[in-house]
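1. Generate a structure from the sequence data that follows.
(one chain, ligands or ions: 1)
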Amino acid sequence: MKIFTTVKDMKNFSRECHCAGKIIGLVPTMGALHEGHLSLVKASKEKCDVTIVSVFVNPTQFAPNEDFDAYPRTFEKDVAKLKLLGVDAIFHPSPEEMYPAGFSTYVNVEGGLTKKLCGASRPTHFRGVATVVTKLMNITQADESFFGQKDAQQVAVVKRFVTDLNLSPKVNMLPIVREESGLALSSRNAYLTSEEKISALALSRGLKKAEATFFAGEKNSAALKKIVADELATEPSISADYIELLKYPSLEETEFVEGESLLAAAIFIGKTRLIDNIILTPNS
Ligand code: PAF
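-> Model (predicted):
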C-alpha cells in the first residue's frame with residue numbers, strides 16, 4: 001500500500017493507473033476510521049480496480065469555533081485498517097499542500113442545499129467540503145467516489161456540484177453503519193462519555209419510531225418530526241439543533257412524504273454535535 005503526501009506524487013500514481021486502463025475509486029475521509037468508513041472502502045474494492053483513500057482533516061470545512069484542533073487524528077491505526085482491506089493508496093496531504101499560500105478559489109453550491117439542515121448552523125461548512133472534494137476528485141482522477149448516508153446532505157451537495165461542474169466520478173452513497181444499540185457510527189462519538197452515549201440513543205430511537213409510523217401509514221411531515229422531537233425530549237441532556245423532513249436529494253420542503261424524503265436531525269449532547277437520518281421511500 002502506497003502513502004502519498006504530495007499532490008504531484010498522488011497525480012502521477014493516478015495517471016499511471018488510468019494509462020493501465022484501471023478504474024479508480026476514491027473514498028474521501030478525515031481519518032479516525034470506523035466500520036462506516038470501512039464499508040465505503042469495501043464497496044470501492046468491489047467496484048473498482050484501484051482504491052484510493054484520502055485521509056485529510058480539512059480545515060476549510062470547520063468554522064473557527066468548531067472542533068478542528070480536537071478532531072481525532074489516528075493516522076497509524078487508520079493505515080493498519082486500510083492495509084488489512086487491501087487499499088492501494090492513501091493520500092495524506094498536509095493543510096499547506098492542499099491550501100498553499102495564495103489559495104483563493106472555492107466551490108460554493110448556492111441555495112437551500114447548503115443553507116438548510118447543517119448549513120443553517122454551519123454556514124461555511126459545505127463550501128469547505130465542496131472545495132476539498134473537488135480537489136480530491138481532480139487530484140486522484142477518480143472514476144467512482146464513495147460517501148456514507150450519515151452525511152446525506154453532504155452527498156446531495158456533492159452530487160449537485162459533480163453534475164454542475166461536469167466532474168467525472170460517479171457518486172455512490174452507502175447505508176449508515178450503526179452500533180448494535182442503534183447509534184450511528186461517527187468519529188465524533190469518541191467525544192461522548194459513557195452516559196452521553198446512552199442518552200444519544202434517543203436520536204436513532206426517535207428516527208426508528210418515526211420510520212415505523214411512516215410504514216404504518218403516517219405521511220404527514222409534522223407528525224413524523226414530532227415523533228423524533230418527543231423521543232429527544234425524553235433525554236434532558238439533549239438539545240435539538242434541527243429536526244427536518246425534506247424531499248431528497250433536492251432538500252425542498254414537503255408537507256407530506258410523497259417521493260424519496262430525508263428525515264434528519266442534529267442534536268447537541270454536552271459539547272458534542274451528532275447527526276443522524278433515515279431516508280423514507282413510499283412503497284418500499
Ligand atoms: O465526510 C467527511 O469526512 C468529509 O466531509 C469529507 C467528505 C472527507 C471532506 O473533507
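2. and the residue most central in space within the chain, what is it in contact with?
-> When C-alpha atoms, centre = their mean is applied to the chain, the residue found nearest the centroid is Asp151 (3.4 Å). With contact set as C-beta atoms under 8 Å, 6 or more residues apart in numbering, Asp151 has these partners: Ile275. In short, each C-beta sits where N, CA and C put it, glycine included.
3. what's it sitting at in phi/psi?
-> Main-chain torsions, Asp151, degrees, to the nearest 10: phi -100, psi 60.
4. can you tell me how far it sits from the ligand?
-> To the ligand, Asp151 is 5 Å away according to C-beta to the nearest ligand atom, to the nearest Å.
5. distance of that residue from Phe68?
-> 17 Å (C-beta to C-beta, to the nearest Å).
6. likewise Asp241?
-> On the measure of C-beta to C-beta, Asp241 and Phe68 end up 19 Å apart.
7. Could you verify that Asn277 is part of a strand?
-> Yes - with DSSP: H, G, I helix; E, B strand; the rest coil as the criterion, Asn277 is located in a strand.
8. So for it, what pLDDT did the model give?
-> Note on Asn277: pLDDT of 98.
9. Please identify the buried residues of stretch 247-262?
-> Under the neighbour-count criterion of 16 or more other C-beta atoms under 10 Å, stretch 247-262 has 248-251, 254, 257, 261-262 buried.
10. my bad, stretch 26-45
-> Going by neighbour count (16+ other C-beta under 10 Å), the buried part of stretch 26-45 is 26-34, 36-45.
11. what does stretch 70-80 give?
-> Buried residues in stretch 70-80 (16+ other C-beta under 10 Å): 71-72, 78-79.
12. That stretch and the ligand in contact?
-> No - Stretch 70-80 is not in contact with the ligand by C-beta under 6 Å from any ligand atom; minimum separation 9.8 Å.
13. how far is that stretch from where the chain is centred?
-> 17 Å (C-alpha atoms, centre = their mean, to the nearest Å).
14. Just the CA trace of it, in PDB.
-> The C-alpha coordinates for stretch 70-80 follow below in PDB (Å, rounded to 0.1, in the frame of the first residue of the first chain):
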ATOM      1  CA  ALA A  70      -9.800  18.500  18.800                       C
ATOM      2  CA  TYR A  71     -10.900  16.300  15.800                       C
ATOM      3  CA  PRO A  72      -9.400  12.800  16.400                       C
ATOM      4  CA  ARG A  73      -6.300  12.000  14.400                       C
ATOM      5  CA  THR A  74      -5.400   8.400  14.500                       C
ATOM      6  CA  PHE A  75      -3.300   8.000  11.300                       C
ATOM      7  CA  GLU A  76      -1.200   5.000  12.300                       C
ATOM      8  CA  LYS A  77      -4.300   3.000  13.200                       C
ATOM      9  CA  ASP A  78      -6.000   4.100  10.000                       C
ATOM     10  CA  VAL A  79      -3.100   2.900   8.000                       C
ATOM     11  CA  ALA A  80      -3.300  -0.500   9.600                       C
END
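15. Next, work out how far apart the closest residue to Leu207 other than its chain neighbours and the ligand are.
-> In this structure, Leu207 finds its nearest non-sequential neighbour in Ile278, 4.7 Å apart by C-beta to C-beta, 6 or more residues apart in numbering. Distance, Ile278 to the ligand, using C-beta to the nearest ligand atom: 18 Å.
16. Report how many residues lie close to Ile278.
-> 23 (other C-beta atoms under 10 Å).
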